[in-house]
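pasting the sequence and the predicted coordinates here, then a few questions.
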Amino acid sequence: MLTSQQIRQTFLDHFKKHGHAIVPSAPMVVKDDPTLMFTNAGMNQFKDLFLGNRPATDKRIADTQKCLRVSGKHNDLEEVGMDTYHHTMFEMLGNWSFGDYFKKEAIQWAWELLVDTYKIDTNKLYVTYFGGDEKDGLPADEETRDLWRNYLPDERILPFGRKDNFWEMGDTGPCGPCTEIHVDVRGEDEKELKPGAELVNSDNPHVIEIWNNVFMQFERKSDGSLHTLPAQHVDTGMGFERLCMVLQGKRSNYDTDVFQPLIQAIAKAAGKQYDKEEKADIAMRVIADHLRAISFAIADGQLPSNTGAGYVIRRILRRAVRYGYSFLGFNEPFMHDLVAVLAKQMGGQFPELRNQQDIVANVMLEEEKSFLRTLEQGIKRFEAHARDVSQKFTRGAESDVWKEHGPISGSFAFELFDTFGFPIDLTQLLAKEKGLWVDMDEFQRLLQKQKDRSRAATAVTTGDWTELGKGETEFVGYDEHTSPAKILRYRKVSGKGGDQYQLVLDRTPFYAEGGGQVGDQGWFIQGEDKVEVLDTKRENQLIVHFTKSLPKDPSAPITAQVDGTRRNLTMRNHTATHLLHHVLRKQLGTHVEQKGSLVAPDRLRFDISHFAKVSSEELANIEREVNAMIAEDITFDDKRNVPIEEAKKMGAMALFGEKYGNEVRVVKFGPSVELCGGTHVPRTGVIGPFRIVSEGALAAGIRRIEAVTSVEAERMINGKLETLEAINALLKNPADPVQAVQKLVEQNAMLTKELEKASKEKVRALAIELPAKATTNSKGFQFLVERLDLDAQNLKDLGYQLREQYPDLAFIAGSVLEGKPMLAVSLGKGAMEKSGLKAVDIIKQISPMIKGGGGGQPDFATAGGKEPSGMGEALKKAGEMLA
């Protein structure tokens, strides 16, 4: 039986034999395509070739691509782990032809690999082809059908419609008919009951698609029409995990050696056996699948966060932790321990996983700890809510309210989900354990409302490109800030912020956002007409300029002029980032690697791998050495079009999560040598002063340093000098300002202690004096309502003392200090029992009168407000409640 490593290598060797260049996987995290967060198909890294944005250097390519899908057909995150063959992260084996071979060769080589090399029984194979579409006016793909007739009988060659057998990149762009290869891995008894042909494309877990061959023939325009492409392409994708299942004779992807090492490690840690208990098995599959997705994303530089791609990774990780917590008894972090198993298994094909193993494990550990705390808080919040619900409704009463609304409201469940990241199915599970249930209709309405708001906020309508010329963009921005240019194409984009235009030029000095550096701004000048360029970004290798309007005559020549002041400041910060990187590795150790950056005109931000806080002394040394390199006035050594291997020999570092071509640019400032496509100063002396603003933790093992240079550094220095001068003036210009401030701090500490002592004495005196003023009511407890001149802490101390010393006393106090009203309610045990009241209920009744809100416990509660004039009314209301 072939191992998964052998299966993968056999695929690559097969296509190498047929003249394909074997290329490495692109990063799973996408950086230059605004339509994607993650690589979700093998073709993503070649999108610019299909779009014609650049010519293909290799007409035939093959690879294995790491992909991530969490939405779309068959890819609902909440379903992964439930069946045997869907995943978040998966490998896509693929071969491509860019204007070279087409249907005949693609089908022939697919058959040779599957049948002649992998030895798949032909009686298990079915193929599909495009059966035509009346709406698009497309006939059936009879060419593909006839080609398959050379290998299979007609009953195994099945036509399907556009939904299954016409592949499209998106709403617009290259598209075409496809042919899918399906395998029936059922036993003979099952096959006799129902032929496999009836189960193709029916979501049967054992009659599955393993390979899709797409024949790119058309381009879909924004009006829905199809236009024939000038060149025909082949784009194929075969699910690696499914292929392993077929070749290893398994009934589930999770039973192959792709997943079993992870699953067995999970089972051992949980003290369980896989394939014994359904819920535990699902949990193990979820964890094994999600661990792969999270690990590869972090290794590619995407840290978990609350927005964008980072939120997706956090959501996947939390789902895995939740399954371990709920069904495997993992109450402590556990996933980080599995990273070593994954790195050993897949680090050969994907070295970034092995090289980033410690970072991945540490980031994962901190995320696990954080979410387990969230789970604990969410459970406590649920328990409190469930107690309130149980007191409000009598279980078994079958009241109309009970039936109509459900004890656990959808709004509460949504609050747990949205604000605290608490999974809805865990809320349902906890409710069920208490004989309650969740109003899921209301929850789903609120969830859909949130999705609709999010979709509306990001909705964009993109028009078709208006083509004015052919060719690629020549970037001249390393050497020029102004350049004559012609518009090659433009399109209109409409979104929430209004209409914008996107323009592509034949040559441009504008740097497109990338490598951490912000995109250039500037102007397009045409005679007296001046159009502002708001931003410059890269989309599928196109340099796209964003404007609010078009030049008066888009077909006429323009002058493209970068905002030189802004660019020069950005260049200073970018070069300073390189110097900082070099000094960090020298001072802290060569384990330091760049994990992210931002280079803007007014600041720079640099994220590094480092497992400890950078001390003040270390920061001072780092800042000093960077400034020394600036003072050396080191000349920029700009080496362009250097072969990648030669660049590495020069000491240039390749960053994980970045994709490099065969030729790269090497940026050298003395001992600092990096691969970089950004813009830089001609000499380091141009940068001016460099100052570190802050250093802190971004994630486990990741530190963030923020700094300023040039104008902003001078502003920072001048600001600090002005502050020092102001302090000196206040201190009457002492000879030693530091000593003078230290003396003031000591005096202030002494006075603070004396004030605290006086406040405690005042509280003690009030605790003796006030009970004599209390009134006894008909229920047999005493109550006292007073307005006092105390701060929040002293009100609390007084309330606690009275509660303990006088169990039958209900005490309510109000105070206004510096215009801020405060209320405190303290109930002794006897007063609480006799009155039937809770402090928190009283505070909720009286706090609105001071336009405030509060909370607390049954025996003590507080509130702060915004309206001091309401204090009298609040205290009057409190007295009425207790009388």
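Thanks, I have it.

by mean pLDDT, flag the weakest helix or strand of this structure.
helix 400-405 (a mean of 45; mean pLDDT, DSSP states H and E).

residues contacting residue 696?
703-704 (CB atoms under 8 Å, 6 or more residues apart in numbering). Just so you know, the C-beta spots here come from the backbone N, C-alpha and C atoms, and that holds for glycine as well.

tell me the spacing between the residue positioned nearest the centre of the chain and residue 110.
The C-alpha lying nearest the average C-alpha coordinate of the chain belongs to residue 310 (CA atoms, centre = their mean; 1.3 Å). Applying CB to CB, to the nearest Å, the value for residue 310 to residue 110 is 38 Å.

and what of residue 275?
If you go by CB to CB, the gap between residue 275 and residue 110 works out to 33 Å.

same check on residue 766?
88 Å.

now swap in residue 774 and tell me
From residue 774 across to residue 110, the span is 90 Å (CB to CB).

repeat for residue 561
52 Å.

do the same with residue 361
For residue 361 relative to residue 110 (CB to CB), the value is 39 Å.

which stretches in the stretch 351-500 of the chain count as strands?
460-462, 466-467, 474-475, 482-485, 487-495, 498-505 (DSSP state E, counting those that start in this stretch).

least confident of those, on average?
For the strands of the stretch 351-500 of the chain, mean pLDDT drops lowest on strand 460-462, to a mean of 81.

parallel or antiparallel, which strands does that one pair with?
The sheet places strand 460-462 alongside strand 487-495 (antiparallel), with pairing taken from DSSP bridges.

I'd like the strands of the stretch 351-500 of the chain as a markdown table, with distance to residue 246 and mean neighbour count appended.
A markdown table is the format used below for the strands of the stretch 351-500 of the chain (distance: least, CB to CB, whole Å; neighbours: other CB atoms under 10 Å):
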| stretch | distance to residue 246 | mean neighbour count |
| --- | --- | --- |
| strand 460-462 | 40 | 13 |
| strand 466-467 | 45 | 14 |
| strand 474-475 | 46 | 15 |
| strand 482-485 | 54 | 18 |
| strand 487-495 | 44 | 17 |
| strand 498-505 | 44 | 19 |
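
out of the ones you listed, flag the one nearest residue 714.
strand 482-485 (27.5 Å; CB to CB).

got a list of contacts for that closest one?
So strand 482-485 is contacted by 476, 505-509, 557-562 (CB under 8 Å, 6+ apart).

and these, which two are the farthest apart?
Pairwise over the contacts of strand 482-485, using CB to CB, the maximum falls at 557 and 562, 17.3 Å.

and the two? which has more neighbours close in?
residue 562 (24 against 12; other CB atoms under 10 Å).

distance of that one from residue 684?
22 Å.

just residue 566 next, same as before
Residue 566 is 20 Å from residue 684, by CB to CB.

what's the pLDDT at the residue lying closest to residue 51 once chain neighbours are set aside?
Excluding the flanking residues, the one nearest residue 51 by CB to CB, 6 or more residues apart in numbering is residue 540, at 5.7 Å. Residue 540 carries a pLDDT value of 79.

that older thread, of residue 566 and residue 684, give the one with the bigger neighbour count.
residue 684 (28 against 16).

thinking the more buried one is in contact with residue 632, fair?
Yes. Residue 684 is within contact range of residue 632, at 6.5 Å (criterion: CB atoms under 8 Å).

now do the contacts for the nearest residue to residue 428 once chain neighbours are set aside.
With CB to CB, 6+ apart as the criterion, residue 428 has its nearest non-adjacent residue at 5.2 Å, and that residue is residue 438. Residue 438 is in contact with 406, 408, 410, 413, 424, 427-428, 431, counting by CB under 8 Å, 6+ apart.
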